[in-house]
Every structure is written in C-alpha cells, then in structure tokens.
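Trainee: sequence and computational prediction follow.
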Protein chains: 2
Amino acid sequence: MKQSRRGQVDPFIVMDVMEAARKAEAAGRHIIHMEVGQPSTPAPAGARRALALALEQPLGYTVALGLPALRQGIAQLYRRWYGVDLDPARVVVTPGSSGAFILAFSALFDAGDRVALGEPGYPSYRQILRAMSLEPVGIPTRPEDRYQPRPQDLPQAQGLILASPGNPSGTVLRRDELAALTARAAELGMAVISDEIYHGLDYGAGFHSALEVTDDVFVINSFSKYFSMTGWRVGWMVVPEHMIRTVERIAQNMFICPPHASQVAALAALDCIDEADQNLAVYAENRRLMLERLPQIGFDRIAPPEGAFYIYADVSALTTDSLGFAAEILDKAGVAVTPGLDFDPHRGAQTLRFSYAGSTADIAEGLERLARFMAAR
Amino acid sequence: MKQSRRGQVDPFIVMDVMEAARKAEAAGRHIIHMEVGQPSTPAPAGARRALALALEQPLGYTVALGLPALRQGIAQLYRRWYGVDLDPARVVVTPGSSGAFILAFSALFDAGDRVALGEPGYPSYRQILRAMSLEPVGIPTRPEDRYQPRPQDLPQAQGLILASPGNPSGTVLRRDELAALTARAAELGMAVISDEIYHGLDYGAGFHSALEVTDDVFVINSFSKYFSMTGWRVGWMVVPEHMIRTVERIAQNMFICPPHASQVAALAALDCIDEADQNLAVYAENRRLMLERLPQIGFDRIAPPEGAFYIYADVSALTTDSLGFAAEILDKAGVAVTPGLDFDPHRGAQTLRFSYAGSTADIAEGLERLARFMAAR
Ligand SMILES: Cc1ncc(COP(=O)(O)O)c(C=O)c1O
Ligand SMILES: Cc1ncc(COP(=O)(O)O)c(C=O)c1O
C-alpha cells in the first residue's frame, strides 16, 4: 500500500518538546509548561452544567450547520463584540476551527491552487493545505510590521489566510489594515479567510473582525480559546450568503455534524462571559509579568503581544538553533518553550514562542527559572 | 469570491424527504420515520455516567490519535469480536468514521486518483472523494450478489471502498469474499478501505472484519451505530503499521484530536455491551416484523438484510420515480422512507430504503400504514 504525496505533511516540532517534557516529568522532574497553546481551565461551569442536564436526551446527529439556537447565539456575539448585524443563516458551526478550515478550503479552492499566508503563522494552515493538494505560499513578515503581511506583500494566489491575533505573534490587525488587506486581495482575485480564534483574548487594544470591513470573506472562530473549550471541538465559520448551500453540502458529507454534546455546552458557554473574563484576567496578569520580566532576563526582542496568550521572541542574538536552545532550556531550566521552526520554516531557527496560558503561579515560577538559566549562561 | 469545482458536491435527497416530513409534523400530522439512519436511543447509560463524572476535569486537547486507554479498549474488541490480535498502536480514534474517511483518503490518494466503490452505497463516500479532488468510480452490483462487488468487477483504480454490512443494502461480505476482494485489489495495486461501521448489528449470520484476512487494509468503524452514539462524533480506524506516523501527522493538523468528552464516553461505552445488545434485540424484533410484513404488502424484492438496520427494496415493478414514490408514501401513508437515488445515481430511481432503527411500536405502526397505502393503490 503506497502513501500519497499529499499525506507527507511535516511533523510538529513542538511535539518533540512535549515528549521530552513528559519524559522529564516521568523521571520525577518538575516542568513549567510554556509550550502549550491552550487554557488549563475547564469549560465554563455553566456549559458543563447545561451538558450534564442534557445527558438524558439522545444527542443524535444534529443538522449539519449546527443547532439553530447556537447559530443564533453566535450571530449575536457579532453584535456584542463588533456592532455588526449578522444573519444567523451565515453562521456554520464546525468541529473546531480546524474543521472550518477544511470546509473553507474545500468550498473555495481546487487542487493545485495557491493560498498565501503570513510567516510566522499557525503551522496547521500549511499542512491542511498540503493534505488537500493546495500550495501554501509563505509571505515573510517583518517585526516592524508586527509580523503581519502588508497589502503590497500579497503574491499572486487564489487565497489568503489572515490571522489576528496571530499565533505565534499575538499581534492584531487594525481595522484599516484589515480593510486594506481585504481590498487588495479582492483586486487580486484572492478569497480571504480570516482566522479570529483568539478574539476575546485582548488586553486593551481591542480587536476587529474582517466582517466589519467586508462581507466577502470567510471568518473563522472557535470556542477553544476565549471560552476555554479546546477539547470540545466546536468552532464556527461565517460565510458569504452565496456560499451557505455549498458549505452545508460539504459539511453534511464530510462531518455529518459537529459533536452534539459540545454544541449543547457551547450554547450555554455563550452565557458564561463572566467566567471567560475571569480567565482573561489571569492571562492579563501573566502577560504583565512576562512583559516586565522577559526583557530584563534577556528576551527583549519581542512582538507586541496584543492578544492571545503568546509572546514571540527573536532570539537571534542568543542562538541560530532554536530547537537546540529550547531543548537546553527544558534541560537546564525545567521550562518547556516552543522553537519557532513550527511557525516559520525559514527564520524560526532564531525565534521562540512562550505561552502564558497557564496559572499565574506557574508563569512566575517559569520566569524565575528562565532568569536563573539566562544569568548562568 | 469564486466557488471551487471540488466543492460542488451533490445534495442529499433524503434531506428533502426529512424537510417534507418536518413540515407535515409542523402542520400537525403524525409521521413514522423509516428514513433516518440512526438509533433513537441515547448513548449507553454507563457512557453518560462516565462523562458526567469527568466534567470537572479540563478536557483539553487529547493526543491526536486518541486517549491511549480508548485505543487499547478498541484493540480488545478485535480479540473479542473476531479473535484477531491487534496492536493498539494501529488504532486511530477519529471524529466519527466520517473523519476516518478524510484521514484515509489524505494518507492514500493524490488529486485525480480514482477510488472504486459499490453501487448502491453510502452517498458520502462519493462526495468526500469529490471534495478532496478524487474520482469516485462506481461498481454496479447485482441483487443476486447481494449488492456487493465481486473480484472480477474491480476496475483500474488507486483505491477500493468495501462496506459490510452495506448501507443501504444491509448485506454482509463473507470471509472468503473479503479474502478474494482484498487479494484481487492487491493484485491491481488498489488500497482497500473497509467500512465496518455496522458491525455488532447482525442477526445471526455473523460478520467478519477485513483484518481477519489481511493487515494491508484501512478498517473503519464507529461508536455511532452499535453503541448508539451518532451525535458524539467518535469513530476509529485501524491502519497498517507503516501508515501510523503519516496518519498521526495528518490528524494532528486536520483535527488536532477527536472530541475529548466523547472519547471519555466512548471508553465507558465499551463496557456497556449489555445495553448495546438490548438495542440490538429491538432491531432484531423490528427486522422480523419487516421481513414478515413487507413482502405481504408488496415490497417483495428485497436484499437479504443481514446486518445494520436497513432494508433495500427494488420497487421497479411499482415505479420508475422513487423520489415521487417516496413523496407519495409520505403524503398518503404518513411514513417517511428514503428514495434510492442517494445511494445509486443510476438505478436508484427504482429502489427505496426502509430503516428499522426506531422503536418496535413505530415500526409496527409504519407497516400498518404501508399496508393500507399499498392496498388502496
Ligand atoms: C491560530 C490558530 N488557528 C486555529 C487553531 C485551531 O483551533 P481549534 O481547532 O481548537 O478551534 C489554533 C489552535 O491552536 C490556532 O492557534
Ligand atoms: C455506511 C456508513 N459509513 C459511515 C457513516 C458515517 O458515520 P459516522 O461518521 O457517524 O461514524 C455512515 C452513517 O450513516 C454510514 O451509513
């Protein structure tokens, strides 16, 4: 049995770090986790309560686009967050935002099409594209542009993925930047997919949806991060009206439906803004600590972390081998961090990503360890 | 924004029936549902209890291949059901068997590859293939072969999907048939994917896994049917050893992981065989009623329904328009049935699928209504 070419996607480098961390823990060491990209908190209590109450129901397949009440609730978020009036019919509930990417790519692109994306960026964009016989086209971004692409950087391609806040950078596209990028993409005939899955996690700068500037866009979001529901696999996508039927048919066939129990929990999570904001307050304090200490410790070339829970540091003054450097930090400091290579195949050998999604006590301890490690270096 | 060619998948015809049934119900009519392909029972009580107890845990992302204990438990099923020793490392937990098809197709086939499949068959095979730029190649099957392909029917293609029990036919491939088909496929250089999601739902004839005859196969199964967990979106796939790493990487990127809460429930479901077998006893009684009454009523050209919960009837003596016939049955008899066109684009205008997944009272009432309808025709 032969393997396909499209199936030869790259491994996650962070997995090696996580495996090394797991081994160290199994050997009795205490490790601080600054590598993981997810909250350590459970789904909101109200969400879990709602599911517990629903467990007597059959929870069979739902309609492919998701529970109508959930689509309605998500549409209302757009009014609350951005002042945008959104027809719930345009909201597609998906198995995580990951599932949304699969749907969007199927609906928009044919084999061989080129899809542009900023470097650094979330590694799975590239790999999902490859697995679907599409060609990722990296756009190198610059620290002085906060690691976001500029309109003049867009190549000839059929598609463009934007991410704000970005992973790993945490940087946010302003409203005028979203407008300029989507306008330029339209000129070039590119379909735009806007990944907004870290919305809600901002620290005063605010955030804008691509939907504020155009309806001709696929906007992707998720209950994973702000609502602390990674493992539940429920996200959503807002599509232009003329794409609803196409996306529905693809979803019916590829997924049947998003997990029903998770949809019940997600619907209730929409009413748990207080708990989500409590988690946000923890990240805000973690971020404050990080921004105070990291530069003192020697990690002073960092992207302005306006959203999400990541800090992306240029460590080119310290190493040209981020993989080895991350291994050294794990070994000597007992702190797991992510080498930049996952996010940027070209310049990631000189960058690291620090996650501050953990507890404040862990972040403080991690920073202490990093300080001692760097002082001894 | 342009739509892709690959995204132009066919609509489900059964959706029109379901929508018409919903409208009739909204207008106050009582409808018997013989169109739906899922149990009306909830997940096993033990599964729901286990999840209720786990709800205090974070339930974050799991590893991509699924909870190790669940993979282990599934491997043990193969010993229990088929006497096959299976390394749990070869078991991949997936977001429904639907997710397993996406993984298998990505790992095995490149854009333009041809994948053969029996007609009639589960409609989403075709549509998922198309959405991934693959070419479905229908193999017309014959009633006298129980609607299953024969080795001499296999065309030149890169892949072959087998289904036993099949949907809509309910017919089962015997061990020697599986051996002959997989051997012929190997000769032709075809990768074989064996859909076994109705295993467990058999009525005395027994069922065999393709794993009994070869390791060079992707075997797909699910908690949806026998374990009555359709909406939970948890299935699995057994892959050849040399494909594990490839499938793992694709799964990491495309899905991150199957829903964590559903995995917890599924793990506990493996210990709820008694409850699953109680559901099976209901289907067995429903099937007995169907087999007794349908031929008397006038539906006498039916495939031997050895497994699953479907009966596939050749109604060519009654109509050449199964869609109109199904609409007439809904309208006049108040029974929703599925026109065959979803399963067989060529001959499905002369077939119907009856599902007996409902309660025995509903099935008995449905049969009464069908009898009155046919007598008055
Ligand atoms: C930028 C970005 N997009 C998408 C995802 C996928 O998230 P999910 O599928 O849990 O919604 C992630 C996960 O870390 C991410 O960082
Ligand atoms: C033959 C067959 N395969 C696969 C599936 C997909 O099931 P699931 O994704 O719920 O495991 C179905 C659903 O009806 C089916 O009938």
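Mentor: Cool, the structure landed. Numbers count the residues shown, from 1 in each chain, chains lettered A, B, ... in the order given. Ligands and ions are numbered 1, 2, ... in the order given.
Trainee: what about stretch A:350-363, average pLDDT?
Mentor: Mean pLDDT, computed over stretch A:350-363, is 97.
Trainee: then it to CSV, C-alphas only?
Mentor: Written as CSV, here are the backbone C-alpha positions of stretch A:350-363 (Å, rounded to 0.1, in the frame of the first residue of the first chain):
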residue,chain,number,x,y,z
GLN,A,350,16.1,32.1,15.6
THR,A,351,12.8,32.5,17.4
LEU,A,352,11.0,31.1,20.4
ARG,A,353,7.3,31.2,21.4
PHE,A,354,6.4,31.5,25.1
SER,A,355,2.8,30.7,26.1
TYR,A,356,1.3,32.3,29.2
ALA,A,357,-1.9,30.3,29.2
GLY,A,358,-1.0,28.6,32.5
SER,A,359,-1.7,29.7,36.1
THR,A,360,0.0,32.9,37.3
ALA,A,361,2.0,30.9,39.9
ASP,A,362,3.4,28.8,37.1
ILE,A,363,4.2,31.7,35.0
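Trainee: what residues does chain A have near ligand 2?
Mentor: residue A:256 (CB under 6 Å from any ligand atom). Any C-beta I mention is one placed from the backbone N, CA and C, and that applies to glycine too.
Trainee: would you list every one of the helices in chain A?
Mentor: Counting by DSSP state H, chain A has helices at residues A:13-26, A:45-54, A:68-82, A:96-108, A:123-131, A:175-187, A:244-254, A:260-269, A:273-297, A:322-328, A:360-375.
Trainee: out of those helices, nearest to residue B:362?
Mentor: Nearest of the helices of chain A to residue B:362, taken as CB to CB: helix A:260-269 at 21.7 Å.
Trainee: helices or strands up against the closest one?
Mentor: Judged by 3 or more CB pairs under 8 Å, 6 or more residues apart in numbering or on different chains; DSSP states H and E, helix A:260-269 is in contact with helix A:45-54, helix A:68-82, helix B:260-269.
Trainee: for that helix, give me every contacting residue.
Mentor: Contacting residues not belonging to helix A:260-269 are listed as A:43-44, A:46-51, A:54-55, A:59-62, A:66-67, A:69-70, A:73, A:93, A:223, A:227, A:229, A:232-234, A:276, B:51, B:231-233, B:259, B:261-262, B:265 [CB atoms under 8 Å, 6 or more residues apart in numbering or on different chains].
Trainee: in chain A, where is pLDDT below threshold?
Mentor: Along chain A, no part satisfies pLDDT under 70.
Trainee: can you give the domain ranges for it?
Mentor: Domain assignment for chain A by the TED database gives A:5-42+A:274-376, A:59-271.
Trainee: OK, contacts around residue A:202?
Mentor: Contacts of residue A:202 by CB under 8 Å, 6+ apart are A:165, A:172, A:306, A:307.
Trainee: hmm, stretch A:341-349 touching chain B?
Mentor: No - applying CB under 8 Å from any CB of the partner chain, one finds stretch A:341-349 separated from chain B by no less than 11.1 Å.
Trainee: and that stretch with ligand 1, contact?
Mentor: No - using CB under 6 Å from any ligand atom, we find that stretch A:341-349 stays clear of ligand 1, coming within 9.8 Å at best.
Trainee: the closest residue to residue A:7 other than its chain neighbours and residue A:337, how far apart?
Mentor: Distances taken as CB to CB, 6 or more residues apart in numbering or on different chains put residue B:107 closest to residue A:7, at 4.2 Å, once the chain neighbours are dropped. Residue B:107 sits 31 Å away from residue A:337, taking CB to CB, to the nearest Å as the criterion.
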